[in-house]
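Peer 1: Please work out how this folds:
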Amino acid sequence: MAISEQRMEASAFLEAARKSVVLDVRSPSEFAQGHLPGALSFPLFLDEERAAVGTTYKKVGKAEAIDEGLGFVAPKLQSLAAHARELFHGQEQRKPLLVYCWRGGMRSESVDWLLRTADIATARCDGGYKACKRHFNHILAQDRPYVVIGGMTGSAKTEVIRALHSQKAKTLDLEGFAKHFGSAFGNLDDHAQPSTEHFTNLLAWELMALDLDGASGPIWVENESRQIGKIHVPEMFHKHLRQAPVLELERTEADRIAHLMSMYGKASRKSLIDAFERIRSKLGGQHTQSAVELVEVGDLASAARIALVYYDKTYRHGLDRHHLTRAVDARGLQPDAVATLCRRIHNDWNPWQLPQTSN
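Peer 2: From the prediction side, this is the model:
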């Protein structure tokens, strides 16, 4: 008896995707640009095959494009079914494999039919990845009780966010999603960042997880500009951060320089010099040259002090946009102690009128 077709709306599909094997049947380049977090690339067409089919469709017609596509797919049917069968039977609890393409059209329909024919249970996303992205935008646009951790460069804001996470508070690690520390020095290793599209997917996915968690309390997030490295933070989300209450970490200059040294002290001199050169136009030629010379002789603390002059001016300008702010005396404290202090101050302040949380 043939396995019946099962289709799911995007919201239900995304909820099921957290506990199921998800197959993205779009081309590898589409997958690389952005995909559902945790999904596996399971392309029906390679990039060049998809391009050829698209060209035939535009220049000749739909029937000819379908024939060309069948020619590409036919030799792959056995291997696709075998791979899917391994994934299906490899689950601890056998759930339908979830399948999506760009719009829920011919590619996902074809793979869905193939797998069901091979006696593999499946469910297909109605509207495909495009519908999932619309749902992600809906998630990002919703207002939530965000609380922003602010502070000058070197205040260890990211470490405090991670300490809050360890204390079971709700957190968003934007720099972790972006794989960048958010400044000219934020990616000295020059490792690949996700695309803005995929960053958006990761952010919405995590917000959905926090919604499903059901626990009360604020969502803690680090103060970030609209851009983290090459990534643009979605405006519909960022506007909520600009309106959110801020806990401003107060640190001594010595605290901040020590933290920057712990982050960047082992970086190569070339990468540090390149970072200073990237902010030359804003730091000024004389200050940049002084910083470069200090890096060359190994006086990284003095070079960091010059960088702080620039970043402090930039930060103060951004802080003026926030109206709800409380100071946190974090001088000399480790991130875990600062996290505990932030929770205590937030509970006393309680700008969102939330149920009280334990410290």
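Peer 1: Helix or strand with the lowest mean pLDDT in the protein?
Peer 2: When the helices and strands of the chain are scored by mean pLDDT, DSSP states H and E, helix 300-319 comes last with a mean of 82.
Peer 1: Give me the buried stretch members for that helix, please.
Peer 2: For helix 300-319, burial by neighbour count (16 or more other CB atoms under 10 Å) applies to L300, A303, A304, R305, I306, A307, L308, Y310, Y311, Y315. All C-beta atoms are positioned from the backbone trio N, CA, C, and that covers glycine.
Peer 1: just the strands in the stretch 1-150 of the chain please.
Peer 2: Counting by DSSP state E, counting those that start in this stretch, the stretch 1-150 of the chain has strands at residues 7-8, 22-24, 40-41, 97-100, 122-125, 146-151.
Peer 1: whoops, I mixed them up, the stretch 201-350 of the chain
Peer 2: 219-222, 227-228, 231-232, 246-250, 325-329.
Peer 1: Could you identify which of those strands has the lowest mean pLDDT?
Peer 2: Sorting these by mean pLDDT places strand 227-228 lowest, at a mean of 92.
Peer 1: and that one, what other elements does it pack with?
Peer 2: Helices and strands touching strand 227-228, by 3 or more CB pairs under 8 Å, 6 or more residues apart in numbering; DSSP states H and E, are helix 174-178.
Peer 1: Number of residues surrounding the closest residue to P145 other than its chain neighbours?
Peer 2: Of all residues not flanking P145 in the chain, W352 sits nearest, at 4.0 Å (CB to CB, 6 or more residues apart in numbering). The tally of other residues near W352 (other CB atoms under 10 Å) stands at 16.
Peer 1: For W352, give me phi and psi.
Peer 2: Dihedral pair for W352: phi -90, psi 0, per degrees, to the nearest 10.
Peer 1: still on that earlier bit, list just the nearest of the buried residues of helix 300-319 to L210.
Peer 2: Checking these against L210 by CB to CB gives Y315 as the nearest, at 27.0 Å.
Peer 1: Could you pull up phi and psi at E92?
Peer 2: Here E92 shows phi and psi, under degrees, to the nearest 10, equal to phi -60, psi -40.
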